[in-house]
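Asks: what's the 3D shape of this:
(4 chains)
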2 protein chains.
Amino acid sequence: MSAMTLAPIDSDGTDAAASPTLGPPPKPRERLVPSLHDEVLARLRDFIVEGNLAAGARVPERLLCERFGISRTPLREALKVLASEGLIELLPNRGARVRRIDERELVDLFDVMGGLEALAGRLACERVTEEDFAEIERLHHAMYGHYLRRDLHGYFACNQAIHDRIVEAAGNAALRATYAGFAGRLRRVRYSANLDADRDRWGEAMREHEEILDALRRRAGAELADILFRHLRNKRRAAADREAQISE
Amino acid sequence: MSAMTLAPIDSDGTDAAASPTLGPPPKPRERLVPSLHDEVLARLRDFIVEGNLAAGARVPERLLCERFGISRTPLREALKVLASEGLIELLPNRGARVRRIDERELVDLFDVMGGLEALAGRLACERVTEEDFAEIERLHHAMYGHYLRRDLHGYFACNQAIHDRIVEAAGNAALRATYAGFAGRLRRVRYSANLDADRDRWGEAMREHEEILDALRRRAGAELADILFRHLRNKRRAAADREAQISE
DNA sequence: TCAGGCAATTTTGAATGCAATTTTGACGCG
DNA sequence: CGCGTCAAAATTGCATTCAAAATTGCCTGA
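Replies: Below is the predicted model of the structure:
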């Protein structure tokens, strides 16, 4: 093959950093046009995550194009991205299908979530500020209140918020993005850890959260990482038990 | 907007599992045609990872199309995927650029790698077989041999192999894929942890590997996770020091 | 009645075309 | 000589088109 005609292309020197001297119009036009592609991608992802397409079902290109009012090109681009995210699978010449998540894969995903939360906890111990901690502590107590009142909805909201805050406190963009990605994949399966029917697990979860807060207070990174991983493990196990309980 | 004309689409019942009754042609034509898209995606990824495009440089659509002998459509699809992988960034109406990885992001990526390795270690302790362990032990001793002989290349190869085996032993597909993704992103920056110039770090790394093997032997999950995370941290720190040393 | 085969239709994968935006470069002015 | 303006050229985003593959439906023959 011919020589690398464009082998080492040099940077054009344009820096991603703001260069105010270059911008005559002071208007910071960032994302003025959110680009159809991104919008379609987000919409299609939501469409699937929200369960509008059954697991294993074909993803009907034509229909979705009409639905979103676009041509096939941007839709197909979005499909490739969703496939790389693991939400759908592309069968050569046979279209896209919503990926079916079997029990084994669910366990795998939960474990990775656990690993990411463990990492978040470890990093959070290094970087969390007093304000961050105070906010998490506040959420923790609010959650405890919901627990006492048996307010499942409020409890879940606080629980979610706490875990999100920990990830946030880790101050790691790559971690945040990866965490969000896995959370999205898991959101599709409703692992209804319906604690209402499992008071024991609820109490256990609450105790684990006490440990989490305590480890974070002491900035005990490795310890917090361990607790968080096991916390997710228990959560998954409870969900699995509940699943089995329903199906029997 | 109108009613969800295609709201709950049902599965077509076709199972991903082999359905021999449905397949008249017994030929298992899986991936006979690797689909241009996948090929282009892999080639483009390699092209960028191997440093043919400088960080921050524009990704010239037209030129790459000619280079790969394809039209813009599959190339653009690949670009979207690479953008979702974080390898490039897409600026609306202004094309794709190779993402510039600054010091901060490098630290973030290393930490996530550390978190993933920690998870791999923890899971490996749960699932590793005696054969798996024996293989890792063998690699460890081989690595020690390279260390004694100051064979940097052989040392690196074994080192890499050990970490890969641990991830493999974790038996978690999602983890493996995520790990591979981050490894790819990091491969672009040559964090030449040139141990040859840093004998202390090399010795330290070797001692850490002794701990790793020991924890794995005892199936001490939480402990191994902790060691692996710190191992990556130290590796990063050594690379950063070396970087600073070079630039001064 | 039902299995098998063939042709029409549908669907996918990729190329091409076209409007809109950006970039480039020349020109005029201070 | 430097700076702003504006038009030409290039590039991007998306729609449309086209060929190849798969799916569907129909028909035939046992």
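Asks: Check which residues of the longest helix along chain A are buried.
Replies: If you go by DSSP state H, chain A has its longest helix at helix A:221-247. Neighbour-count burial for helix A:221-247 flags A:221-232, A:234-236, A:238-240, A:242-243 (criterion: 16 or more other C-beta atoms under 10 Å in any protein chain shown). C-beta: built from backbone N, CA, C; applies to glycine.
Asks: residue ranges with poor pLDDT in chain A?
Replies: Scanning chain A for pLDDT under 70 picks out the ranges A:1-35, A:191-197, A:243-248.
Asks: can you give me the helices for it?
Replies: According to DSSP H, the helices that chain A contains are A:36-49, A:61-68, A:72-85, A:103-127, A:130-148, A:152-170, A:173-187, A:199-217, A:221-247.
Asks: who does the fourth one touch, helix- and strand-wise?
Replies: With contacts taken as 3 or more C-beta pairs under 8 Å, 6 or more residues apart in numbering or on different chains; DSSP states H and E, helix A:103-127 sits against helix A:152-170, helix A:173-187, helix A:199-217, helix A:221-247, helix B:103-127, helix B:173-187, helix B:221-247.
Asks: if we look at the second one, which residues are touching it?
Replies: Translated: helix A:173-187. A:45, A:49, A:85-87, A:101, A:106, A:109-110, A:112-113, A:116-117, A:119-120, A:123, A:167-168, A:170, B:86, B:105, B:108-109, B:111-112, B:115, B:174, B:178, B:182 (C-beta atoms under 8 Å, 6 or more residues apart in numbering or on different chains).
Asks: What subset of those is buried?
Replies: With burial judged by 16+ other C-beta under 10 Å, the buried subset of the contacts of helix A:173-187 is A:45, A:49, A:85-87, A:101, A:106, A:109-110, A:112-113, A:116-117, A:119-120, A:123, A:167-168, A:170, B:86, B:105, B:108-109, B:111-112, B:115, B:174, B:178, B:182.
Asks: Looking at chain A, what residue ends up closest to DNA strand C?
Replies: residue A:95 (3.0 Å; C-beta to the nearest atom of the strand).
Asks: tell me the domain ranges of chain A?
Replies: Domain ranges of chain A: A:36-98, A:103-247, per automatic domain parsing.
Asks: Of those, which is nearest DNA strand D?
Replies: Nearest of these to DNA strand D, taken as C-beta to the nearest atom of the strand: domain A:36-98 at 2.3 Å.
Asks: what about the closest one, start to end distance?
Replies: 22 Å (C-alpha to C-alpha, to the nearest Å).
Asks: That one and chain B in contact?
Replies: Yes. With C-beta under 8 Å from any C-beta of the partner chain as the criterion, chain B is reached by domain A:36-98 at A:37, A:51-58, A:60, A:63-64, A:67, A:73, A:76-78, A:80-81, A:84-86, A:90, A:92-93, A:97.
Asks: So which of those reach DNA strand C?
Replies: Restricting those to those touching DNA strand C (C-beta under 7 Å from any atom of the strand) yields A:58, A:60, A:73, A:76, A:90, A:92, A:93.
Asks: What subset of these is buried?
Replies: The neighbour-count test (16+ other C-beta under 10 Å) marks A:58, A:76, A:90 as buried among these.
Asks: who's in contact with the second one?
Replies: Residue A:76 makes contacts with A:61, B:77, as judged by C-beta under 8 Å, 6+ apart.
Asks: what's the distance between it and residue A:90?
Replies: Distance, residue A:76 to residue A:90, by C-beta to C-beta, to the nearest Å: 10 Å.
Asks: what does the first one give?
Replies: Computed as C-beta to C-beta, the residue A:58 to residue A:90 distance reads 11 Å.
Asks: Need the residues touching each of the two.
Replies: Contacts common to residue A:58 and residue A:90, judged by C-beta under 8 Å, 6+ apart, are residue A:96.
Asks: quick one: the longest helix of chain A to helix A:152-170, angle?
Replies: Interaxial angle, helix A:221-247 versus helix A:152-170 (axes from the mean of the first three to the mean of the last three C-alpha atoms, to 10 degrees): 150 degrees.
Asks: Double-check residue A:140 against residue A:206; I have them as touching.
Replies: No. Contact criterion C-beta atoms under 8 Å: residue A:140 and residue A:206 do not qualify, at 9.7 Å.
Asks: Settle it for me: which of these two has more neighbours?
Replies: More crowded of residue A:140 and residue A:206, by other C-beta atoms under 10 Å in any protein chain shown: residue A:140, with 21 against 18.
Asks: Return the residues in contact with that one.
Replies: Residue A:140 makes contacts with A:158, A:162, A:209, A:213, as judged by C-beta under 8 Å, 6+ apart.
Asks: Quick check: the farthest pair among these?
Replies: Of all pairs drawn from the contacts of residue A:140, the widest gap by C-beta to C-beta lies between A:158 and A:213 and measures 12.1 Å.
Asks: Close to DNA strand C: what parts of chain A are there?
Replies: Residues of chain A lying near DNA strand C (C-beta under 7 Å from any atom of the strand): A:29, A:58-62, A:72-73, A:76, A:90-96.
Asks: Contacting DNA strand D as well, which ones from the ones next to DNA strand C among the residues of domain A:36-98 next to chain B?
Replies: Among those, proximity to DNA strand D is found for A:73, A:93 (C-beta under 7 Å from any atom of the strand).
Asks: So which of the ones next to DNA strand C among the residues of domain A:36-98 next to chain B is the closest to residue B:144?
Replies: The shortest approach to residue B:144 among these belongs to residue A:90, at 44.5 Å (C-beta to C-beta).
Asks: Quick check: bridge partners of the closest one?
Replies: residue A:96 (DSSP bridges).
Asks: OK, contacts around it?
Replies: Taking C-beta under 8 Å, 6+ apart as the criterion, residue A:90 is in contact with A:79, A:80, A:83, A:96, B:35.
Asks: Now neighbour count and distance to DNA strand D too, for these, in a markdown table please.
Replies: Listed next are the contacts of residue A:90 as a markdown table, based on neighbours: other C-beta atoms under 10 Å in any protein chain shown; distance: C-beta to the nearest atom of the strand, whole Å:
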| residue | neighbour count | distance to DNA strand D |
| --- | --- | --- |
| A:79 | 24 | 13 |
| A:80 | 24 | 13 |
| A:83 | 19 | 17 |
| A:96 | 24 | 12 |
| B:35 | 15 | 10 |
